[in-house]
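*Asks:* sequence below, structure please.
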Amino acid sequence: MRFTTNVRLSNLCKGAPHVSPGTPRHNKAEIHVRTHARPLIGTTVKGAVAAGAALLVALGMAVPATAATSDPRVDTIYDSEPAKPLEHYASYSFGAHQIDELGDRVELAGEARVVQEITVGMNSWACETGAHQTDDCSTSEGATFDHDLTVHVYATDAAGTVGAELATVTQTFAIPYRPSADARCDGSIAGGDVGEWYSTADNNCYDGYSFPATFDLSALDVELPDDVIVSVSYAATGDAAALNVEVIGDVPSIGTDTETDEMYIDWKNLTPFQRDTGWEPYHGLRMTITAIPAADAVEVAPIVIGFDDETSSDLGIASRVDNGLMAASGCWYAEAPVTNYGTVGAEGYVFTRYAGYASVFPEGGYTASADFYLDTAADAGQFSWSHAVNGTDGNHQRDFIFHADSDGTGTWAVGTNNNASTSAPGYHSTYSVAPAVITESGWYTFQHSFYADGGVLWADLAVLGDDGVEVASWTLGGNADDVVPTIVGGNRYGWLVKNDFAGLAIDNVLLDSERPEVGCADTAALAALIEKAQGIDKDKFTPETLEKLAEVLARASEVLGTARTTQAAVDTAAAELSAAIDGLEPVEELAATGADVTVVTATALALAAAGALLVVRRRRV
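*Replies:* The predicted structure is shown next:
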């Protein structure tokens, strides 16, 4: 490769002759060196953008990754924008070098592969009137010209051969003319020549004006391989004869420039589009590529698996039962057999996919939970309950697991981590935080709450008592691989990975839903009696019998408001309330005695507390 120093810009870019068959191909090397340390074929300043976009903000080239799609999983899979964006970049002229297409071979990062957008750095030397060659460029503010640009994506192999074209889009862009020549660019500014335009951003002078051309490929629904060749082509005619493609020598921040001394080029009338070497130090397009996963975007769907549906248990091989133990809610719960992933998988699993695997992480996160009955009379053993998070690609991402151990003497210890034993007895006892100790039998809720913080997944795991009060909590997550929302999707499964207890009671397996508060007892008759008592005309009955009714009504209302009440308690409350209503003594029965009938304040307060409306008055009878 040869480099040229002290070459006047006009020798190559301002009216350069066409490349002929006898011209050395490596004229491209001449873009690299200029006496005032600026790329020969064009240095650039951020400026106008392609069709329909706003002016480029600050120094960054890449447009927002969500521009072509509303899918929250969209991810940048290639980005050669420098970590510290520059005010100017080298660029390569299609018109001066008589080429039709220029591209680069890249290796894509991440997991998303359905291409959405490709943004390529372009730069314009065109003037609305005059020309950069004659140093009399004049452009009105915001002036543009329309021109078609095409992006191509090709397959390739290990040798870098140009393969089949996988995707291509042609769009009409509003190409910005470069700004007018500025009198401040008179040769006195380091790096500035007469006829260039002046940048207030860095107090320098430039010929070219940079803008991003963003191609929307989302409608093609094309899934790319990891290794591809991406190129740009256009007709270098009219004003576009002064349009360049930006090239860069920086290492990409996302993805890989496969070969740092090659580009792909189609020399007009000479060769097909093919690999070409000798491009150091400018060996790649300034470019970003975004994509979404191939898996469908599936949202987290709330579901309540409460086992009161008689058709199934909805938890794999767990059995739906009404076996003497009061359910956490409703009348039914499930009992899990002894099971272990490594020993009884052929028989099935205690397992749920909820309403289906989700590939989209909710903006505000989501919660999953399950109720387990911890019996202090249980033998020694362990069960492990996992909730797994799905990836945006539809594959498993990570498990978050509760381990509950009974010591066989009345004490349970509950800990958390991301792993489970897969062979019996296989106790898992390694935890970063000490387990919680539970010494009272009862229903306990094992709850997973997932959220994003710092762009990655976190999970708060908590054990709640039957009254909803937190017993203990742990925080897991922060893995750099669990990026939200581009890598981490929504829910995957709930799974009793192992269980040493025959008949382990489970209820209310929930996803993004409120825990049910419905009891098992039939309360219709009691509710009707309460409504009847509250509607009684208090002026017609004696204070003593009204006070008795108020006491019974208060107890009945408390029973009705208890979610996990028994049928016996409901029946007793109904019988007492019915008797209290029947026992009301009408005021007219005391009229013959000439007594004063006064509904006292204490009675009024009692009935009011029970939800009744009582009018207090004194009547002479």
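
*Asks:* beta partners of the residue lying closest to residue 170 once chain neighbours are set aside?
*Replies:* Closest residue in space to residue 170, ignoring its immediate chain neighbours: residue 150 at 4.3 Å, by Cβ to Cβ, 6 or more residues apart in numbering. Every C-beta, even on glycine, is put in place using the N, C-alpha and C of the backbone. For residue 150, the beta-bridge partners are residue 170, residue 233 (DSSP bridges).

*Asks:* burial measure for residue 150, as a count.
*Replies:* Counted with other Cβ atoms under 10 Å, residues neighbouring residue 150 total 15.

*Asks:* identify the residues contacting it.
*Replies:* Contact partners of residue 150, counting by Cβ atoms under 8 Å, 6 or more residues apart in numbering, are 168-171, 232-234.

*Asks:* give me the residue at the spatial middle of this protein.
*Replies:* residue 485 (2.7 Å; Cα atoms, centre = their mean).

*Asks:* how close does that one sit to residue 450?
*Replies:* 12 Å (Cβ to Cβ, to the nearest Å).

*Asks:* residues shared between the contacts of the two?
*Replies:* Counting by Cβ under 8 Å, 6+ apart, the shared contacts of residue 485 and residue 450 are residue 361.

*Asks:* ok, of the contacts of residue 150, which one's closest to residue 497?
*Replies:* Residue 497 has its nearest neighbour among those in residue 169, at 47.1 Å by Cβ to Cβ.

*Asks:* just the pLDDT at that closest one, thanks.
*Replies:* Here the pLDDT value assigned to residue 169 is 98.

*Asks:* please apply the same query to residue 353.
*Replies:* Reading off the model, residue 353 has pLDDT 96.

*Asks:* from residue 362, how far out is it?
*Replies:* 17 Å.

*Asks:* who's more crowded, the two?
*Replies:* For the pair residue 353 and residue 362, the greater number of neighbours falls to residue 362 (20 against 17), based on other Cβ under 10 Å.

*Asks:* can you report how many residues lie near the residue nearest to that one when sequence neighbours are not counted?
*Replies:* Spatially, and ignoring its direct neighbours in sequence, residue 362 is nearest to residue 300 (5.4 Å; Cβ to Cβ, 6+ apart). Neighbour count of residue 300, defined by other Cβ under 10 Å: 25.

*Asks:* list the contacts for residue 300?
*Replies:* 358, 360, 362, 366, 490-491, 511-512.

*Asks:* most neighbours out of the residues you listed, which is it?
*Replies:* residue 491 (29 neighbours).

*Asks:* what about the nearest residue to that residue once chain neighbours are set aside, which SS state?
*Replies:* In this structure, residue 491 finds its nearest non-sequential neighbour in residue 358, 5.1 Å apart by Cβ to Cβ, 6+ apart. At residue 358 the chain is in coil, as set by DSSP: H, G, I helix; E, B strand; the rest coil.

*Asks:* next, residue 358: phi, psi?
*Replies:* phi -110, psi 140 (degrees, to the nearest 10).

*Asks:* my read: it touches residue 485, true?
*Replies:* No. The pair residue 358 / residue 485 is not scored as a contact, 11.5 Å apart, by Cβ atoms under 8 Å.

*Asks:* what about the strands in the stretch 151-300 of the chain?
*Replies:* Taking DSSP state E, counting those that start in this stretch to define them, one finds strands in the stretch 151-300 of the chain at 162-176, 197-199, 204-206, 209-216, 227-233, 243-248, 256-257, 262-267, 274-277, 284-285, 287-292.

*Asks:* what about residue 361, neighbour count?
*Replies:* The burial count for residue 361: 31, using other Cβ under 10 Å.

*Asks:* again, but for residue 507
*Replies:* Neighbours of residue 507 using other Cβ under 10 Å come to 26.

*Asks:* which ones are touching it?
*Replies:* Counting by Cβ under 8 Å, 6+ apart, residue 507 has contacts 306-307, 327-330, 333-334, 370-371, 373, 443.

*Asks:* tell me which element it falls in.
*Replies:* If you go by DSSP states H and E, residue 507 is part of strand 504-511.

*Asks:* pairing partners for that strand, with directions?
*Replies:* According to DSSP bridges, strand 504-511 forms sheet pairs with strand 303-305 (antiparallel), strand 333-336 (antiparallel), strand 366-374 (antiparallel).

*Asks:* so which of those strands is nearest residue 567?
*Replies:* Here strand 333-336 is closest among these (Cβ to Cβ), at 16.4 Å.

*Asks:* so what touches that closest one?
*Replies:* Counting by Cβ under 8 Å, 6+ apart, residues outside strand 333-336 touching it are 307, 313, 315, 317-323, 325, 327, 350, 373, 383, 496, 499, 501, 503-507.

*Asks:* buried ones among those?
*Replies:* If you count burial by 16 or more other Cβ atoms under 10 Å, the buried members of the contacts of strand 333-336 come out as 307, 313, 315, 317-318, 320-321, 327, 350, 373, 383, 496, 499, 501, 503-507.

*Asks:* winner for burial among the strands of the stretch 151-300 of the chain?
*Replies:* Neighbour counts (mean count of other Cβ atoms under 10 Å) averaged over each of these peak at strand 287-292, with a mean of 29.

*Asks:* so how far is that one off the chain centroid?
*Replies:* The chain centre lies 17 Å from the centre of strand 287-292; the measure is Cα atoms, centre = their mean, to the nearest Å.

*Asks:* tell me the angle that strand makes with strand 209-216.
*Replies:* Angle of strand 287-292 versus strand 209-216, following axes from the mean of the first three to the mean of the last three Cα atoms, to 10 degrees, is 20 degrees.

*Asks:* for strand 287-292, what is the average pLDDT?
*Replies:* On average, strand 287-292 scores 97.

*Asks:* same check on stretch 75-94?
*Replies:* Stretch 75-94 comes out at a mean pLDDT of 87.

*Asks:* give me phi/psi at residue 331?
*Replies:* phi -100, psi -20.

*Asks:* next one: it from residue 325, what distance?
*Replies:* Residue 331 is 11 Å from residue 325, by Cβ to Cβ.

*Asks:* before we move on, what about residue 97?
*Replies:* Distance, residue 97 to residue 325, using Cβ to Cβ: 82 Å.

*Asks:* for residue 377, same thing?
*Replies:* 12 Å.

*Asks:* ok, residue 184 next?
*Replies:* 87 Å.

*Asks:* residue 432 too?
*Replies:* For residue 432, the distance to residue 325 - Cβ to Cβ - is 34 Å.

*Asks:* follow-up on the earlier one: which of the contacts of strand 333-336 fall within strands?
*Replies:* 319-321, 373, 383, 496, 499, 504-507 (DSSP state E).

*Asks:* residue 480 belongs to a strand?
*Replies:* No. Counting by three-state DSSP, residue 480 is located in no strand; its state is coil.

*Asks:* touching, it and residue 456? I think so.
*Replies:* Yes. If you go by Cβ under 8 Å, residue 480 and residue 456 touch, sitting 6.6 Å apart.

*Asks:* hang on, the earlier thing: just the strands paired with strand 504-511: most buried one?
*Replies:* Neighbour counts (mean count of other Cβ under 10 Å) averaged over each of those peak at strand 333-336, with a mean of 25.

*Asks:* that one: what's the following helix or strand?
*Replies:* strand 339-340.

*Asks:* who does that following strand pair up with?
*Replies:* strand 488-499 (antiparallel).

*Asks:* shaky segments in the stretch 51-200 of the chain?
*Replies:* 51-68, 87, 190-191 (pLDDT under 70).

*Asks:* if we use 80, what do you get?
*Replies:* 51-69, 83-88, 188-192 (pLDDT under 80).

*Asks:* for it, which segments count as helices?
*Replies:* 94-97 (DSSP state H, counting those that start in this stretch).

*Asks:* packing partners of the longest helix along the chain?
*Replies:* The single longest helix within the chain, with elements called by DSSP state H, is helix 543-560. Counting contacts by 3 or more Cβ pairs under 8 Å, 6 or more residues apart in numbering; DSSP states H and E, helix 543-560 is packed against helix 524-534, helix 567-582, helix 601-609.
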